[in-house]
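Participant: prediction below, plus the sequence it came from.
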Amino acid sequence: MTDRYLSVDQVAELLGTTARFPRRLIEERRIRYVKVGRHVRIPESAVEEFIQSRTVEPLRRPRPSNRRAA
């Protein structure tokens, strides 16, 4: 059990959003969370998984060659 558990405010700061966004993720069950009494904690690995699953990689297009056909 080496995972850190973050509060909603800590997750919001990590994502660069307001606390409303992680609360909505929790409500819609789009991110894993743990209830500790009345407190909600989000495992750091869940935040990493959320970011990784929504990362969009750039398209790599082949460069056109400037060679002319003879």
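Facilitator: Perfect, I can see it now.

Participant: how about the longest strand seen in the chain: buried residues?
Facilitator: Counting residues, the longest strand in the chain under DSSP state E turns out to be strand 39-43. Residues 40-43 are the ones in strand 39-43 that count as buried (16 or more other Cβ atoms under 10 Å). (Each C-beta comes from the backbone N, C-alpha and C, glycine too.)

Participant: what's next to it, contact-wise?
Facilitator: With Cβ atoms under 8 Å, 6 or more residues apart in numbering as the test, strand 39-43 has contacts from 3-8, 11, 22, 26, 31-35.

Participant: among those, which one has the most neighbours?
Facilitator: For these, neighbours were counted by other Cβ atoms under 10 Å; the highest total belongs to Pro22, with 27 neighbours.

Participant: for the spatially most central residue of the chain, grab phi and psi.
Facilitator: In the chain, the C-alpha nearest the mean C-alpha coordinate belongs to Ile51, at 2.2 Å (Cα atoms, centre = their mean). The phi and psi values for Ile51, taken as degrees, to the nearest 10, are phi -70, psi -50.
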